[in-house]
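S.K.: quick one: sequence plus predicted model below, questions after.
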Amino acid sequence: MAKTIIVSNRLPISLRHRNGKFEFKPSAGGLATGLDSIYKSGENIWIGWPGNTVDDAEQRAEIIIELHDLKMAPVFLTKKDVEQFYEGFSNETLWPAFHYFTQYMVYNPDHWDAYVRVNQKFCEAIIKKADPDDTIWVHDYQLMLLPQMLREILPDATIAFFQHIPFPSYEIIRMIPWRKEILEGVCGADLIGFHTYDDMRHFLSAVSRITGMSGESGYIQAENRIINVDSFPMGIDYNKFAKQAKSRKTQNIVKDFRTKVGEQKLIITIDRLDYSKGIPQRIHVFDQLLKQHKELRGKVSMIMIVVPSRDRVQSYKELKEEIDLLVGRINSEYSTLDWVPVHYFYRSFPFEELSAFYSMADIALVTPLRDGMNLVCKEFVASKTDQTGVLVLSEMAGASKELQDAILVNPNDRQGVVDAIYEALSMPEEEQKERITAMQESLKKYDVFQWVKVFMDRIEHVKGKQAELTSKDVDAKVMTEIQSSFKKAKNPIFFLDYDGTLTGFKANPQDAIPDQELKGLIKDLSSKAQVVIISGRDKDTLGKWFKGQQIDMIAEHGVWVHRKDQSTDWELYAEVDDSWKDDIRSVMEYYVLRTPGAFIEEKHHSLVWHYRKVESGLGDLRMRELFSHLKYMARGHNLQVLEGNMVLEIKRPDINKGRAANSLMKGHEFDFILAIGDDWTDEDTFKAMPKNAYSIRVGYAYTKANYNIKSVKQVRQLLHKLTQ
Ligand code: GDG
């Protein structure tokens, strides 16, 4: 049976070497709890780095055995890996970039090499355990190359990726020299998840601009499959926090802490040491509060827990020094013998004490400058079992999208945060209860177990969607069938679209000239069958490009036809009334003037607005505007507006490739018909085909065609086979 493999940089354990033996302490972090039921069942397993550098072979063997019992398998990192991959590329390039701290970004090619090398190491470790149809769920920014590395070795595996930290705007991503490799790495996955909608839309925009892969409504069209990108806001183990807060153990700790700090109001702040968390800014805020509201001195204290993290990275060392200095300054300025403004702890606490802090605090001040989600604020809310307390939350945290009943603040607006704390301190109990209750309802419903379930269900959904689209793939069996049917045929015909079918797209449409291979292919094919090039292109271009070939040509979606046996001129296939063109052209021209790179192509029966060369994003925006403008005008003229590949075309609805193909076949009996095309204009051809025809759409989009084929390359391979 297929199994599920969870992969993260760190395994959910801590490992200590004591008295010649290793001690394994499972971590009770949010992710580990949520995924508990997954990796602990059946053959499933969690693969990652145990967190220590262990070089000794015997010790490694001991760790492998111990971890095996915990349903885990290690990836061992060397000291150099840790320095260059983890502290280096992950935490000095990706982390600052993704949190918009570009001033801390390091561009070190050695760190990048290590990132590739370690992702490869993870890949090898997974391959040893994985079967071809397993589900592999990769976590976070340290492993962004892994999905594609796995895809190359396990093409049929189900691969998912979730990023726990923000995904920034394209403007930031483009600063990273290795951005393309990183995005292509992630796109090896079938499902890509982020905490928020903003993260996912930033990702989609970066993918389309940097890799050129197109996307729509959360789906990216990769070469041979679709990829779903979605938002999955992570929850917490709500009941665990609620239960612990009520427990006798925690309530005893609360009593003890209370006796020590007295009856003053308490503001709690809990973070890992990180510049993204806005810790120094928070101390400045508290200082300003005490300056502006002298009456609060002696009555409010801040309990500030900073959990040591990445303290070997220079920027973190400096941050630690800054915090120490600021806490020293504020305490030395305001402290009295029976009161200190800031109780500062640079260490972590056992769970029951953490719960006591949440439980006794009047306010949680969660003001990161940028945070993927932030679980601390959710844990605080879950721990307020009597529903009193106020959450002051940064709008830069992913959690702010869900916790709208918090007092939301901009952490850069110092006065705004001061005012928010003041508001929180004076908030009536009834309002506190209303707000906390509303937030608790939501956190209960969307807890971490629900998060895992929704994510796993979505993996199945996307695989189903992929299967639907590839069920009609031209595989070896279909290929053999087409070949044998063609061999038997006495009077075969081919309808071949040009752009996107026989040749790829070019920035300038006039550059998509048929190459030598294609010319040879068409020549060979036309010696064995009737070949019809059926295109939206103008007749002069087609005529020039296929001059001398023994083929039929249908130009401008069926306005013109050129028969191979009539070496004379083009024949008008459809009567064209172009009295509408002046009105429409002037509107299109207005949009060209506003959009550098756009241009109009005039065809006999249609006008086409091209935006392939327009700055990406702007092109889409203008196309949408023009689309609704033209739709409105089209009604009066009985015209049809159609969206194509980086084009918007307006034309008479009764002129289409299907109608032209039908007219051309009329009165003839064909015993083999093959139609291939890549876009909506070819759908008319497919619809017009008789039942016995083979129709094939290039790319994996929904289609009326009987089959799909991956790309232009595969189309040419198919046609070559038929000429043999
Ligand atoms: C990353 C993203 C995203 C803290 N102090 C103690 C302690 N903690 C626990 C908290 C909480 C966790 O650490 C911190 O989680 P956050 O979500 O706040 O932040 P990151 O570590 O930066 O996590 C973040 C998260 O991934 C999940 O996707 O939300 O945006 O940056 O659970 O309880 N636990 C104990 N003692 C402490 O002193 N026991």
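M.R.: It's in.
S.K.: quick one: low-confidence parts of the stretch 1-150 of the chain?
M.R.: 28 (pLDDT under 70).
S.K.: just want the residue of it that's nearest the ligand.
M.R.: Closest to the ligand within the stretch 1-150 of the chain is residue 30: 4.9 Å, counting by C-beta to the nearest ligand atom. Every C-beta, even on glycine, is put in place using the N, C-alpha and C of the backbone.
S.K.: list the contacts for that residue?
M.R.: When the contact criterion is C-beta atoms under 8 Å, 6 or more residues apart in numbering, the partners of residue 30 are 234, 236-237, 375, 448.
S.K.: list the contacts for residue 558?
M.R.: For residue 558, the set of contacting residues under the criterion of C-beta under 8 Å, 6+ apart consists of 534, 573-574, 655-661, 663.
S.K.: rebuild those as TSV, extending it with neighbour count and distance to the ligand.
M.R.: Listed next are those as TSV, based on neighbours: other C-beta atoms under 10 Å; distance: C-beta to the nearest ligand atom, whole Å:
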residue	neighbour count	distance to the ligand
534	30	52
573	20	60
574	20	59
655	21	54
656	25	50
657	26	50
658	22	51
659	17	55
660	26	56
661	26	54
663	15	60
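S.K.: tell me which two of those residues sit farthest apart.
M.R.: Set against one another by C-beta to C-beta, the contacts of residue 558 have their most distant pair in 534 and 574, with a gap of 13.8 Å.
S.K.: show me which residues of this protein sit near the ligand.
M.R.: Proximity of the chain to the ligand (C-beta under 6 Å from any ligand atom) is limited to residues 30, 164-165, 234, 270, 272, 305, 307, 348-349, 351, 354, 371-376, 379.
S.K.: which residues does the helix or strand of the chain with the lowest mean pLDDT contact?
M.R.: Every helix and strand of the chain was ranked by mean pLDDT, DSSP states H and E. The lowest is strand 215-216, at a mean of 76. Applying C-beta under 8 Å, 6+ apart, the contact partners of strand 215-216 are 204, 207-208, 221, 229.
S.K.: change it to 6 Å
M.R.: By C-beta atoms under 6 Å, 6 or more residues apart in numbering, the residues outside strand 215-216 that reach it are 204, 208.
S.K.: which members of the contacts of residue 30 occur in helices, if any?
M.R.: With DSSP state H as the criterion, helices contain residue 448 from among those.
S.K.: near residue 633, how many other residues are there?
M.R.: The number of residues packed near residue 633 is 15, by other C-beta atoms under 10 Å.
S.K.: next, the buried residues of the helix or strand containing it.
M.R.: Secondary-structure assignment from DSSP states H and E places residue 633 in helix 618-637. Residues 619, 622-623, 626-627, 629-630, 634, 637 are the ones in helix 618-637 that count as buried (16 or more other C-beta atoms under 10 Å).
S.K.: closest one of those residues to residue 587?
M.R.: Sorting the buried residues of helix 618-637 by distance to residue 587 puts residue 629 at the head of the list, at 6.0 Å, by C-beta to C-beta.
S.K.: picking up where we left off before, farthest pair within the contacts of residue 30?
M.R.: Every pair in these was compared (C-beta to C-beta); the two farthest apart turn out to be 234 and 237, at 11.1 Å.
S.K.: which one's more surrounded, the two?
M.R.: In this comparison of residue 234 against residue 237, neighbours counted by other C-beta under 10 Å, the higher total goes to residue 234 at 26 against 21.
S.K.: who are the neighbours in contact with that one?
M.R.: Residue 234 makes contact with 373, 451, according to C-beta under 6 Å, 6+ apart.
S.K.: and if you look at residue 282?
M.R.: Under the criterion of C-beta under 6 Å, 6+ apart, the contact list for residue 282 reads residue 367.
S.K.: so is it in a helix, a strand, or just coil?
M.R.: Assigned by DSSP: H, G, I helix; E, B strand; the rest coil, the conformation of residue 282 is helix.
S.K.: related to what we said a few turns ago, redo the contacts of residue 558 as JSON lines? Include pLDDT and distance to residue 197.
M.R.: Output for the contacts of residue 558, formatted as JSON lines (pLDDT from 0 to 100; distance: C-beta to C-beta, whole Å):
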{"residue": "534", "pLDDT": "97", "distance to residue 197": "41"}
{"residue": "573", "pLDDT": "79", "distance to residue 197": "48"}
{"residue": "574", "pLDDT": "72", "distance to residue 197": "46"}
{"residue": "655", "pLDDT": "86", "distance to residue 197": "41"}
{"residue": "656", "pLDDT": "90", "distance to residue 197": "38"}
{"residue": "657", "pLDDT": "94", "distance to residue 197": "39"}
{"residue": "658", "pLDDT": "94", "distance to residue 197": "39"}
{"residue": "659", "pLDDT": "91", "distance to residue 197": "43"}
{"residue": "660", "pLDDT": "93", "distance to residue 197": "44"}
{"residue": "661", "pLDDT": "94", "distance to residue 197": "43"}
{"residue": "663", "pLDDT": "91", "distance to residue 197": "49"}
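S.K.: output the below-cut-off pLDDT ranges for the protein.
M.R.: Judged by pLDDT under 70, the chain has its weakly predicted residues at 28, 566-568, 576.
S.K.: so what are the domain limits for it?
M.R.: Structural domains annotated on the chain: 4-231, 238-445, 476-573+655-723, 581-651, as defined by automatic domain parsing.
S.K.: ok but residue 132 is inside a helix, no?
M.R.: No: judged by three-state DSSP, residue 132 forms no part of a helix; its state is coil.
S.K.: if I read this right, it contacts residue 153, doesn't it?
M.R.: No: judged on C-beta atoms under 6 Å, residue 132 makes no contact with residue 153 at a distance of 9.2 Å.
S.K.: return the backbone torsion pair for the closest residue to the ligand within the stretch 501-650 of the chain.
M.R.: Each residue of the stretch 501-650 of the chain has a distance to the ligand, by C-beta to the nearest ligand atom, and the smallest belongs to residue 617, at 27.1 Å. Reported as degrees, to the nearest 10, the phi and psi values for residue 617 are phi 100, psi -60.
S.K.: which residue sits closest to it, ignoring its sequence neighbours?
M.R.: With C-beta to C-beta, 6 or more residues apart in numbering as the measure, residue 205 is the residue that lies nearest to residue 617, at 7.0 Å, once sequence neighbours are left out.
S.K.: next: residue 651.
M.R.: Closest residue to residue 651 apart from its sequence neighbours, by C-beta to C-beta, 6+ apart: residue 606 at 3.5 Å.
S.K.: how many residues are close by the one you found?
M.R.: Neighbours of residue 606 under the rule other C-beta under 10 Å: 24.
S.K.: cool, and residue 70?
M.R.: A total of 16 residues lie near residue 70 under the criterion other C-beta under 10 Å.
S.K.: same thing with the one 5 residues further on?
M.R.: Using other C-beta under 10 Å, residue 75 has 19 neighbouring residues.
S.K.: right, and residue 99 touches residue 369 too?
M.R.: No: at 7.5 Å, residue 99 and residue 369 do not qualify as touching, with contact defined as C-beta under 6 Å.
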